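*Asks:* I need the structure of the sequence given here:
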Amino acid sequence: MAEFARSIPQDDISERIQRDREPANASAIVKLALLHAEAEETARLANLLGRTWYVAVALPVLAVLALAFAEPSPTRAIVWGAFVAAGSAAILRCYYRTIDQSFERVALRAFAKDLSPILLYAGFAWGAGAFLVLPAGTTMAAAILFVAVPAIMIAALLRVREAAYLFLAPATFLASFASVLMPFADGALAAGLILIASGAITVAMVYSERGKDIRPAMLTLP
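*Replies:* Residues are numbered from 1 along each chain as shown. Coordinates of the predicted model:
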């Protein structure tokens, strides 16, 4: 055996050893990369989970401020308040259901998947306030702030661009229609400025993440 080993050129031996090791090394590298990706996803989703509680509290607070400013009839205020409270309650339910499993990736993925339609509903609920709460003749500045402030708040608290999009899109859609149908002051112009302001918020969110290695924490809608 020794003579046979010596008869093989050393270059061939080195090549065979290297060839034999490569699959094992490749497998180890792949496993390490997978573990790193899983840990990164878990941390990202856990951070998202921890911040949703603040959104659930902030939305009703903003709603109370909007009601104080607009002073709608009690019936309209109660109906819209119920819409917003339902969205906030759904976020809290999703949060408390997952918080005890905050480092289990399956539970965190389910949380993110559930949070997407909840935020979409919250956007529609908030946008309904443009019809239920804001009076006819609302100024352009007030109409824009009504949409922009909660969207910026969600983007700042969750730090997830997709989350802000889910809320901002329906809120913008309903508020721009309300500007024309109610109508608000300078209705058509107000509708256009609401769309422009929402577009500016979207561009700002994209620009803020430019050059950063940020992967989306939100999962797609089911």
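
*Asks:* any idea of the mean pLDDT for whichever strand or helix holds L49?
*Replies:* Using DSSP states H and E, L49 maps to helix 10-70. Summarised as a single mean, pLDDT over helix 10-70 is 73.

*Asks:* and if you look at stretch 143-161?
*Replies:* The predicted model assigns stretch 143-161 a mean pLDDT of 92.

*Asks:* please apply the same query to stretch 112-130.
*Replies:* In this model, stretch 112-130 has an average pLDDT of 94.

*Asks:* mind listing what's buried along it?
*Replies:* 112, 114-116, 118-130 (16 or more other CB atoms under 10 Å). Backbone N, C-alpha and C define where each C-beta goes, glycine included.

*Asks:* now do the helices in the protein.
*Replies:* In order along the chain, the chain carries the following helices (DSSP state H): 2-7, 10-70, 74-99, 105-132, 140-158, 161-181, 187-208.

*Asks:* list the helices and strands the fourth one packs on?
*Replies:* Secondary structure elements in contact with helix 105-132, counted by 3 or more CB pairs under 8 Å, 6 or more residues apart in numbering; DSSP states H and E, are helix 10-70, helix 74-99, helix 140-158, helix 161-181.

*Asks:* for these, which one ends up most surrounded?
*Replies:* helix 161-181 (a mean of 22; mean count of other CB atoms under 10 Å).

*Asks:* pull the CA atoms of it into CSV?
*Replies:* As requested, C-alpha coordinates have been extracted for helix 161-181 and formatted as CSV (Å, rounded to 0.1, in the frame of the first residue of the first chain):
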residue,chain,number,x,y,z
ARG,A,161,-42.0,50.1,4.0
GLU,A,162,-44.5,47.5,3.0
ALA,A,163,-46.5,48.1,6.2
ALA,A,164,-46.9,51.8,5.4
TYR,A,165,-47.9,51.0,1.9
LEU,A,166,-50.7,48.7,3.1
PHE,A,167,-52.1,51.4,5.2
LEU,A,168,-51.4,54.4,3.0
ALA,A,169,-53.0,53.1,-0.3
PRO,A,170,-56.6,52.6,0.9
ALA,A,171,-56.5,55.7,3.1
THR,A,172,-55.3,57.8,0.1
PHE,A,173,-57.9,56.3,-2.2
LEU,A,174,-60.9,57.0,0.1
ALA,A,175,-59.6,60.5,1.2
SER,A,176,-59.1,61.6,-2.4
PHE,A,177,-62.7,60.4,-3.3
ALA,A,178,-64.1,62.2,-0.3
SER,A,179,-62.3,65.4,-1.4
VAL,A,180,-64.4,65.4,-4.5
LEU,A,181,-67.7,63.9,-3.3
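
*Asks:* which residues does the residue most central in space within the chain contact?
*Replies:* For the chain, A163 is the residue whose C-alpha lies nearest the centre (CA atoms, centre = their mean; 1.9 Å). Listed by CB atoms under 8 Å, 6 or more residues apart in numbering, the contact set of A163 reads L48, L115, L119, I154, A155, M218.

*Asks:* how much space between it and R97?
*Replies:* To R97, A163 is 18 Å away according to CB to CB, to the nearest Å.

*Asks:* residue contacts, the closest residue to A151 other than its chain neighbours?
*Replies:* Residue nearest to A151 in three dimensions, not counting chain neighbours: L168, with 4.2 Å by CB to CB, 6 or more residues apart in numbering. Taking CB under 8 Å, 6+ apart as the criterion, L168 is in contact with G123, V147, A151, I154, S198, I201, T202.
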